[in-house]
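[1] 3D model of this:
(2 chains)
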Amino acid sequence: DAKTTQPPSMDCAEGRAANLPCNHSTISGNEYVYWYRQIHSQGPQYIIHGLKNNETNEMASLIITEDRKSSTLILPHATLRDTAVYYCLPYNTDKLIFGTGTRLQVFP
Amino acid sequence: GAVVSQHPSWVICKSGTSVKIECRSLDFQATTMFWYRQFPKQSLMLMATSNEGSKATYEQGVEKDKFLINHASLTLSTLTVTSAHPEDSSFYICSANREGRDTEAFFGQGTRLTVV
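    Prediction:
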């Protein structure tokens, strides 16, 4: 299984952009990069995913490097409700294996 | 987005008893569901893969006789914690794959199990 490396924690001021990096240097060619987040005591919530092109939806933007060895999740205007643990996961159709994620704390 | 529902949201049981947790995909069919366990301040740990109509596949170190999984229909998987002990107290989460052009996993809200 591909492994990921994420910083254990980050802080972000409310209203500012939160940029969460992830290294996935052993990702396979057919694996997508998925991002989920988990708010305390809830199940993980899907955010966004991509293969090699940058993606944007109503929640976030995903920037994937050309070599696909790393990606960055961007929350353009962080709010207090975005405080959560963010997980980046290489994934195709098999099981999702969670790493330790990044604990994002958004402060007023 | 698709909805996966777990029941109950929380349960307290006595040591030695069994507890059943249900995971339902409400608006799509799921041939594959997954069960995770999460201890405080830790990440989700995959316990097993539940396959509709066949035996579950357990991850290394997970006792299949203690954590019974049944996936009898395309919308329901159950996890039964047998002869529960206090160390089984944890947050149990299921997910179901909605297969399509891009397979996507949807998660239940989790079940907090406390064994006393």
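[2] What parts of chain B come near chain A?
    B:1, B:4, B:6, B:34, B:36, B:43-46, B:49, B:91, B:93, B:95, B:97, B:99, B:102-110, B:112 (C-beta under 8 Å from any C-beta of the partner chain). Every C-beta, even on glycine, is put in place using the N, C-alpha and C of the backbone.
[3] could you point out where chain B is predicted with low confidence?
    Scanning chain B for pLDDT under 70 picks out B:1, B:101-102.
[4] again, only using 50
    Applying pLDDT under 50 to chain B flags no residue at all.
[5] likewise chain A?
    Looking at chain A by pLDDT under 50, you get an empty list.
[6] For chain B, what is the nearest residue in it?
    Residue nearest to chain B within chain A: residue A:43 (3.6 Å; C-beta to the nearest C-beta).
[7] Tell me how many other residues crowd that residue.
    Other residues near residue A:43 come to 22 when the count uses other C-beta atoms under 10 Å in any protein chain shown.
[8] The closest residue to it other than its chain neighbours and residue B:98, how far apart?
    Spatial nearest neighbour of residue A:43, excluding adjacent residues (C-beta to C-beta, 6 or more residues apart in numbering or on different chains): residue B:107 at 3.6 Å. Residue B:107 is 12 Å from residue B:98, where distance means C-beta to C-beta, to the nearest Å.
[9] Who has more neighbours out of these two?
    residue B:107 (23 against 17).
[10] Does the more buried one touch residue A:87 like I think?
    No - using C-beta atoms under 8 Å, residue B:107 is not in contact with residue A:87; the gap is 11.2 Å.
[11] got any residues that touch both of the two?
    Common neighbours of residue B:107 and residue A:87, counting by C-beta atoms under 8 Å, 6 or more residues apart in numbering or on different chains, are A:36, A:44.
[12] Now stretch B:50-57: buried residues?
    B:50, B:52, B:56 (16 or more other C-beta atoms under 10 Å in any protein chain shown).
[13] Now distance to residue B:68 and secondary structure too, for those, in JSON lines please.
    Below are these laid out as JSON lines (distance: C-beta to C-beta, whole Å; DSSP: H, G, I helix; E, B strand; the rest coil):
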{"residue": "B:50", "distance to residue B:68": "11", "secondary structure": "strand"}
{"residue": "B:52", "distance to residue B:68": "16", "secondary structure": "coil"}
{"residue": "B:56", "distance to residue B:68": "9", "secondary structure": "coil"}
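[14] in which helix or strand would I find residue A:87?
    Residue A:87 belongs to strand A:84-91 when assigned by DSSP states H and E.
[15] helix or strand for the closest residue to residue B:59 other than its chain neighbours, which one?
    Distances taken as C-beta to C-beta, 6+ apart place residue B:46 nearest to residue B:59, at 5.3 Å, with adjacent residues excluded. Taking DSSP H and E as the criterion, residue B:46 maps to strand B:45-51.
[16] what do you get for residue A:30?
    Assigned by DSSP H and E, residue A:30 falls outside every helix and strand.
[17] residues in contact with it?
    residue A:92.
[18] Backbone dihedrals for it, both of them.
    In terms of degrees, to the nearest 10, the main-chain angles of residue A:30 are phi -100, psi 10.
[19] so where's the longest strand in chain B?
    strand B:90-98 (DSSP state E).
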